[in-house]
Every structure is written in structure tokens, then in C-alpha cells.
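Asks: no sequence for this one, just the structure:
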Ligand SMILES: NC(=O)c1ccc[n+]([C@@H]2O[C@H](COP(=O)([O-])OP(=O)(O)OC[C@H]3O[C@@H](n4cnc5c(N)ncnc54)[C@H](O)[C@@H]3O)[C@@H](O)[C@H]2O)c1
């Protein structure tokens with residue numbers, strides 16, 4: 001297949017490009033490098049089935065030649081990034097998604113949207129199942145991201161209903177792995193960065209809020225399966241293995257052998273209390289579930305940060 005990936009220079013996008021190329025596909029990568037980096041794609045230079053274009057997808061997108069599939073990952077994704085770029089975030093979820101849907105329509109291609117567990121907001125239903133409509137503050141600081149993705153989902157369903165476009169929607173839960181940025185504010189790089197540098201690990205609130213972490217290769221496998229599925233409604237992709245943030249901080253300390261103290265700061269506004277995907281639908285529709293343990297996934301991530309990101313590895 002010939003596949004367009006938008007947001008390809010980001011953390012997940014770059015891993016998806018690797019996987020699609022390894023499976024024999026041809027990839028056209030689009031990115032405006034707002035939060036991603038060409039460094040994440042540098043190893044693909046010279047690969048004949050890979051090309052990349054600097055493209056802001058909030059502007060009209062023209063790709064010569066036939067296409068079989070469009071995968072839309074473009075969006076700031078970490079709280080630090082979307083709070084710094086709230087307008088760009090709303091714009092890419094709305095106009096950007098529309099341009100990618102139009103591209104798929106023009107080419108008769110399939111379309112996959114990478115949405116988010118943030119659509120559930122601070123959930124009143126636990127674990128989060130796809131039929132739950134969510135509890136999002138539409139005017140809070142995080143709304144630029146949550147509502148952008150909820151709009152993108154609605155737009156995707158509208159293109160499917162109105163034009164018969166073959167669409168899929170992935171609701172991705174916390175995913176981690178190599179090529180995350182150490183300073184992007186997400187909990188895995190934040191804790192690992194602090195632990196590896198021997199600095200205090202900052203836990204927000206009392207640390208009793210929960211998260212579940214999925215390794216990037218598992219997520220990419222789920223996306224590849226979903227891309228070919230006939231399911232039009234959202235499918236959760238994430239790891240249902242849940243732990244409190246405090247347990248996670250202690251786990252990171254043990255794994256890295258760090259002496260970093262754990263310090264506590266006030267919870268940010270609208271921080272979700274609980275996060276765990278119900279993945280029964282992904283199991284049933286895709287035959288998918290995560291396979292990589294937290295220990296193995298985090299060890300790979302630590303190796304990457306020690307090699308690439310930390311100026312003075314311990
Ligand atoms: N990583 C996670 O845990 C997670 C969880 C839920 C959903 N997601 C979704 O998965 C996707 C990828 O996330 P990520 O973690 O790789 O984030 P990332 O920030 O590393 O990657 C996003 C990429 O999109 C690009 N981009 C942003 N605006 C753009 C625009 N207007 N035009 C073209 N490119 C643009 C950025 O430059 C970046 O390379 C996002 O849509 C995100 O919402 C990620």
C-alpha cells in the first residue's frame with residue numbers, strides 16, 4: 001500500500017513509519033515539526049519507499065499519485081505542548097483533520113484518526129469503555145486538546161456517514177517508548193529524566209491518581225490492525241495494567257537504581273483521577289492486546305534516554 005502518515009516526525013508517527021516500511025508499504029511522511037523532529041526520521045533517509053515533506057496540514061494538502069491509506073497523527077499531544085500551542089491544537093484537530101479526510105476522499109483511500117483517551121475527560125466510568133461519552137470540561141485549560149480530538153472524531157464519523165469513507169478511530173491511552181522527548185512534560189519521560197539525573201521526582205497531588213502505560217510497539221501493532229478493520233466507531237488502544245502515579249514513581253526509582261527523592265506538588269486543573277482502558281472491543285474486533293511488560297518497555301526507554309537524551313549518562 002502507499003500510505004500518507006501525518007505527524008510522522010513525532011514519537012508515535014516515526015515508529016509507525018518504521019513498522020509500515022518493514023511490512024513492505026510505501027510511506028509519504030508529512031509534518032510541520034511543531035512538536036516533532038526530523039531527527040526521528042533521519043534513519044530512514046535513503047530508504048527508497050520513504051519520502052517526507054514539510055507540510056502544515058491545516059493548509060490544503062496535495063499529494064501526487066495514488067494513495068491507499070491516510071493516517072492522521074498530527075497534533076501536539078503532551079500537556080506541555082498543547083498548553084503552549086492551544087490554537088494550533090484546535091486548528092490541527094479541526095482544519096487539519098478535514099484536509100486529511102479530503103485527501104482520503106479524493107484518492108479513494110482509507111482514513112485512520114488517532115484520537116485519545118482524553119475524550120473521556122475526568123471519567124465517571126471506570127475502566128473507560130468506548131460507549132462512555134466522557135466528562136470533559138469544555139472551557140478548562142485542557143479543552144483545547146480534548147475538544148479538538150472530540151471534534152476530529154465527529155468530523156471523521158460525518159465523512160463516513162456522508163461520503164461512505166472507510167474510516168477508523170483509535171482512542172489511544174498513555175503510550176511511551178524511545179523517541180519521546182525528555183522535557184515534554186508527560187509522566188514517563190518526566191519521571192525517567194528526573195530519576196536518571198538524580199533530581200527530585202515530582203508527583204502531582206498525593207499520587208493516588210492512576211494511569212496505565214502502553215509500550216509503543218504494542219500501540220503500533222494495534223494501529224496497523226485497526227487501519228484494515230471494518231469497525232467505524234472508536235476503539236480503545238492501551239494497556240489495561242493500571243497503577244497509581246506514586247507506585248509508578250517508586251517503580252521508576254527501583255528500575256533505574258536512582259536515589260532521587262519523591263516530592264509532591266498541587267494537582268493541575270482537570271487532571272483525570274483514573275485512567276484505564278477497557279480493551280474488550282480491541283480484543284474482539286482486532287484480536288489485539290498489549291504484549292510488552294512495563295519492565296521490558298521501560299528498560300528499552302531508559303536505554304534510549306541514556307544514549308540520546310542525557311548529556312551526562314550515569
Ligand atoms: N503518546 C501518547 O500517549 C498519545 C496518547 C493519546 C493520543 N495520542 C495521539 O497520537 C498522535 C501522536 O502523538 P505523539 O505522542 O507521537 O505526539 P508528538 O508531538 O510526538 O507527534 C505529533 C506530531 O504532529 C506534528 N504536527 C503538529 N501539528 C501539525 C500540523 N499542523 N501539521 C503537520 N504536523 C503537525 C508534530 O510536529 C509532531 O511531529 C497525536 O495525534 C496524539 O494526540 C498520543
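Replies: Sure thing, it's come through. Fair warning: this is a prediction, and the values are worked out from it, not measured in the lab.

Asks: of all the residues in the stretch 101-250 of the chain, which ones are close to the ligand?
Replies: The stretch 101-250 of the chain comes close to the ligand at residues 114, 116, 172, 174, 175, as judged by C-beta under 6 Å from any ligand atom. C-beta here means a position set from N, CA and C on the backbone, and glycine is covered the same way.

Asks: any idea which helix or strand carries residue 158?
Replies: Following DSSP states H and E, one finds residue 158 within helix 143-163.

Asks: and the very next helix or strand once past that helix with helix 143-163, angle?
Replies: Once helix 143-163 ends, the next helix or strand along the chain (criterion: DSSP H and E) is strand 167-172. Per axes from the mean of the first three to the mean of the last three C-alpha atoms, to 10 degrees, the angle that strand 167-172 makes with helix 143-163 is 160 degrees.

Asks: rounded to a whole number, what's the mean pLDDT of strand 167-172?
Replies: For strand 167-172, mean pLDDT rounds to 98.

Asks: ranges for the strands of this structure?
Replies: Secondary structure of the chain, counting by DSSP state E: strands at 2-6, 26-31, 50-54, 69-72, 110-116, 167-172, 175-176, 201-204, 210-212, 214-215, 235-237, 242-244, 262-265.

Asks: Output these in a markdown table, with mean neighbour count and distance to residue 187 appended to each entry.
Replies: A markdown table is the format used below for the strands of the chain (neighbours: other C-beta atoms under 10 Å; distance: least, C-beta to C-beta, whole Å):
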| stretch | mean neighbour count | distance to residue 187 |
| --- | --- | --- |
| strand 2-6 | 24 | 26 |
| strand 26-31 | 24 | 24 |
| strand 50-54 | 15 | 30 |
| strand 69-72 | 28 | 25 |
| strand 110-116 | 24 | 15 |
| strand 167-172 | 24 | 15 |
| strand 175-176 | 24 | 9 |
| strand 201-204 | 18 | 9 |
| strand 210-212 | 21 | 6 |
| strand 214-215 | 24 | 13 |
| strand 235-237 | 27 | 18 |
| strand 242-244 | 16 | 11 |
| strand 262-265 | 13 | 13 |
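
Asks: looking at the ones you listed, which is closest to residue 90?
Replies: Residue 90 sits nearest to strand 110-116 of all these, at 14.0 Å, using C-beta to C-beta.
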